[in-house]
Each structure stands twice: as C-alpha cells, then as structure tokens.
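Undergrad: From the sequence below, what's the structure:
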Amino acid sequence: MALFDFAKVPFSRHQRFTTLSMIRSANDSEKQCFLRFVAGGDERPRFGNLCRLEFFDAEGIALDPQFSVSPEALDVTLMRGEIQIGKAAFAIGEGEVLYLKAENIEVRFCLEGSRYDYAFKAHDGRDCVVAAGENLKLTPEAFEGVVRVDGQWRTDHAQNVAICFSGEKLEGRIILHRRLCPDMPANSFEKTRASAKREFARWCGDEQMAEAAKLASYLLWANTVPAGGQLSAPAIYMSKNRMINIWSWDNAFSAIGVAKRHPQLAFDQFAVIFDQQDDSGLLPDYVHDQGASFAFTKPPVHGWAIEHIMGGNPEAFNEDQLDYLREKLERQLSYWLTNTRADNTQLPSYAHGNDSGWDNASFFAQGGPVEGPDLPTFLALTARTISKMHQQNGNDAAAKNFRSIEDQLIGLLVEKLWNGETFTARKQADPHTPLPGDSLIQYMPLLLGEKLPKEIANALLAKLESSGILTNWGPATENPSSAFYTPDGYWRGPIWAPTTMLLFDGLMAQNATRLAYKVANRFTHLCETSGMAENFDAIDGAGVRDPAFAWTSAVYLRLREILANQNGS
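TA: So this is what the prediction gives:
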C-alpha cells in the first residue's frame, strides 16, 4: 500500500495555512480536491474549504484527475477515460501563495460559496475574489496563459464565483490574504517547487528514508502552521484534514517527535499552550490562531514529556527555557492539586472524559468527576521533573518539597486505587465502587519506575502480558474481551500513538525491556503497514478516523529512533 496517498494525506508546506486536500463537502457524495485555508480551528463547519478544483480540456469537457503528492508538489495527471489529456502541478511558495503550472487545459477554482461572497477589479487591474464566510481574499495572477474570474451578481453578492486559468502553456499563482494583497515577488513554479524540496530535505537531514519515515517527517513538517494571532509560536496541528487545532496534550507528543532535530520547535509546542495558561494553572483544551477553549483541559503529561526529551538530549532546552517550563509546570501542578479535589487526603480528578484525553473511555461511561490511576501518575511525574529542575539550580529545599509531593501522590494512588490485582478508576462521588471496563489506563502507573512498589509492578506486568489487551498490532485502549470494546470506538478499543508511547516508557521504567521493545516493534510495523492514522483497529490494524495525524507520526519516529539505537548498540 502506498502511504503517500492524496486521498488521505493533504498537500501543504511548513508554516503555511494554504492546503490542498481531498474533502467531502456538504453536498458531495465523494471526496473532491479543495483549496483550503486551515486557520480558525475545527469548530467551523467548512474546515477552511475555499474552492473546489475542476479541470477541463480545450473543448470544455471535464477531465478526471489522478493525484500524486510529495512534500514539494501536488502533481495531477488528467484523463478522459483511459486517455491522458494533460498534466497540472501545484506548489506552495513563500507566504500563503499557491503556484500552478499546466498545458492545454483549464483549471477552475470554484468558490464554495457563502452569504456575501463577491469579486471585484482592484485599482491595479487584478481581480480579487472575496470568500466572505472564511474572511479571506484570493488574488489570482497569470504569468503565462490567461486568468479570468466568473460569477453572477445577485443584489448584494455573487454566485458561482470561479477563478479560471487557461492556455496552451499555463503558469500562475493565487495569493491568499486577509487584508490588502501583499507585494509578493513572482517566482517561477519550478523555483517554488525546488525551494520546497530543499526545505524538506533540510528538515529531515537529507537522509534516505523509508516511505513510512518520510511520511511521518512530512506530516510533522507540513502540519506546522505559523505564529500569529493567538498562536505565540509556530505550532503543529494534529492534521490538516479536519483536526486543525493544537490540543494541550497532543502538543507534548509532537514536541517529542521533533526534539531531536528541531529543539526550538519542540520548545515552541510547549510554549504555544503554556502561553495561554490561566492564572490558576489551568491549561486550555486547545488553541488556534483565533483563540483558545477552556471548556475542557487535557491530562498533565507535560512534565513527563519534558523529562523524556531531556533524557535523550540534555541540551534540548536552554536555561531560560527551562526556567519558563518549570514555572509553568508548577502552576499546572497547583491547578490540579488545588481545584480538582477537596483536600490533600484525596485524589485529583477529571471532570469530563475530554479532560483525561481518553474522551469516551469506559471509565467515563457513568460520567464524572472520575479519579483514575493515570492522573496522580502524571502529577507525580510532574513533581519529579520540577524537583530535578530545582536540584539542577541548587535549590535543594524546593527540590525536596516537590519530591514530597511526588511521594504523597504515589501513596494516595496505591492506597485508594490498587485493589490487589490492578489499578481501578472510580467516581469521586462514590469512592467505594470501582468503575467497570478493562482500560489500558490501569497500566499508566508503570511510568513511576522504582517508586511503584515492586509487587504491584510485577502484578501489572503479568496482567498486561496475559490479559489480551496487547494485540498483534499493539496495546488496545480497551481490552477486546471487554463489554465496552468497539473496533472503531475511539478510546474504547483502538490503538493510539500516545498511549502506546506512555506504555512503552512505563515498561522501560520497570526494566521490562523485552516487553517494551515488543510494543515498540508492533507499533512501528503498524504504522509502516497502515500509515499515520489517528488511531488503528486493534485487531486488523486498519487505520481509523483521520488518516494523516501528527502525534502518530511523532511517536512512530521516536520509537523508530529508539529501536535503531537499540539494534545498533
């Protein structure tokens, strides 16, 4: 199976919102290629869809496009039946500019349409199309061939607006802008394509990579959008299909995926979320260029992630960055310990499944707030990371204080959620009744390493190997034998990258290296077989939901790196 499949993998460029991808719009029974501008978050019904692309021959007969995507260009072969009529190609230049090149065909960008769309002739003679619903303007230019703008005026707007490029030899561009059209130097299509190719090669280190590694690297590169608006730094979307936000635990895994070659971008992934932190320490559920949402939050994995990155590269962050991260982690820890429990004899809790990151998992089948084994684990690791940061600064008293917080949380975890066989979850309002289900979340305390009592660790490891939750493809989020298991059940069964990474690290923390490498090998094989999907069917390994996901790419690259180092040692 070809992993670079345009039906699944959008075409874009590093730090751009401009994207071409296959989308099924409201009135379409099948996916079609759309020009999109993926700013503003995923709560908008159109997900940044601007124009549907259509291709015609010289007689005006529609042609069937066959797409081939690469990091530098989207190439299109145009067919009438089995006969090739022509070719077209698209590349993204400096700024938000789409370049195109074609011969003997017409390329139409048909505006999707909203209440006040219109087109006008600017003072310099260029046409300008206004996609009012998307708050965006498109200025087309033809360097060779011709460009025209079609549409019919209807009282206060235009209908059927289309930008049409045509000619025996055709080359041009569309500048996407919110205000006045910027003065963009005119590069040729070939120079634009070559520039993108060089940029991606520098990103990857110009190494020869297998297809899966190239796809994962491309997705992290292309899913990065620029700083601006509410985004204080360049940020990695989960996807440029539909998941066009930065969620506040997804960002930690993206940081892990880019930290080896791009430590500044790794820091940026933490900063773009932490810069929106509430005074209480609460992190937003997600951010995008237009704002942040605090309707939910996400689990506090950031202390663990920062420690993981520094374990592989102690020089990843400079002193100022470490001071910033420590202060943000302290506030994050304070939020959870102060605002999600009655007092320090109780466990912290999640109010909603979305707060846990495991949105609809079995342990939230009865609502919340829920006390689960992962939250005190993550908070203990946060306290551990903060303690190490203080120790490195020579602040022994503060380091001792946070080690004490770590130990208190581990003590509460064992006292209240260990049942002699595994860790359970429970509703905060009914602490004596364990919640049903057989979720992978019970194994998260393995991350505590030697501070988890040995008899508990051994029991968890034995259960993990014997229970069936570890399938031939990797760790299911809900045991396939559970009554809650659903093949495409989101967090009730499918294999996810972040939980696989957390489990792997937990196994390594327990020196269960044989089992850890088994998990890593199965997951990397899964990605090499099924691509970088949002999640995967735990039984047959098929990709599920969004097919081009950043944190899957990040975890794949990190585990691949670890396995390569292990095999080379």
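
Undergrad: buried set for the helix or strand W336 falls within?
TA: Here W336 sits within helix 319-339, counting by DSSP states H and E. Residues of helix 319-339 classed as buried under the neighbour-count rule (16 or more other Cβ atoms under 10 Å) are 321-322, 324-326, 328-333, 335-337. Glycine gets a C-beta too; all of them are placed from N, C-alpha and C.

Undergrad: So which elements touch the host helix or strand of I256?
TA: Following DSSP H and E, one finds I256 within helix 250-258. If you count contacts as 3 or more Cβ pairs under 8 Å, 6 or more residues apart in numbering; DSSP states H and E, helix 250-258 packs onto helix 211-222, strand 235-236, helix 263-274, helix 302-312, helix 497-509, helix 550-568.

Undergrad: What is the longest one packed up against?
TA: Going back to what we said before, that points to helix 550-568. helix 211-222, helix 250-258, helix 497-509, helix 513-530.

Undergrad: What residue in the chain is the furthest from its centre?
TA: Checked against the mean C-alpha position of the chain, the extreme residue using Cα atoms, centre = their mean is E59, at a distance of 43.2 Å.

Undergrad: one step back: let me have the helices and strands packed on helix 550-568 in CSV, extended by distance to E103 and mean neighbour count.
TA: Listed next are the helices and strands packed on helix 550-568 as CSV, based on distance: least, Cβ to Cβ, whole Å; neighbours: other Cβ atoms under 10 Å:
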stretch, distance to E103, mean neighbour count
helix 211-222, 27, 24
helix 250-258, 39, 27
helix 497-509, 42, 24
helix 513-530, 37, 19
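
Undergrad: nearest to V9, of those helices?
TA: Taking Cβ to Cβ, helix 211-222 is the member of the helices and strands packed on helix 550-568 nearest to V9, at 7.1 Å.

Undergrad: Sheet partners, orientation included, of the helix or strand that comes right after the closest one?
TA: Using DSSP H and E, the helix or strand that directly follows helix 211-222 along the chain is strand 224-225. According to DSSP bridges, strand 224-225 forms sheet pairs with strand 235-236 (antiparallel).

Undergrad: who does the one helix or strand S166 maps to pair up with?
TA: S166 belongs to strand 157-177 when elements are defined using DSSP H and E. Sheet pairing here is set by DSSP bridges, and for strand 157-177 it gives strand 97-111 (antiparallel), strand 136-154 (antiparallel).

Undergrad: can you tell which of the ones you listed is closest to R44?
TA: Of all the strands paired with strand 157-177, strand 136-154 comes closest under Cβ to Cβ, at 12.1 Å.

Undergrad: Dump the helices and strands packed on helix 250-258 into TSV; add distance to N521 and mean pLDDT as well.
TA: Shown next, in TSV, are the helices and strands packed on helix 250-258 (distance: least, Cβ to Cβ, whole Å; pLDDT from 0 to 100):
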stretch	distance to N521	mean pLDDT
helix 211-222	13	97
strand 235-236	26	98
helix 263-274	25	98
helix 302-312	19	97
helix 497-509	10	98
helix 550-568	7	93
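
Undergrad: Please read off the pLDDT at the residue nearest the centre of the chain from the model.
TA: The chain has M238 as the residue nearest its centroid, 1.7 Å off, counting by Cα atoms, centre = their mean. You'll see M238 listed with a pLDDT of 96.

Undergrad: That one against W249, yeah?
TA: No. Counting by Cβ atoms under 8 Å, M238 does not reach W249; the two are 11.0 Å apart.

Undergrad: Right, I'll leave it there.
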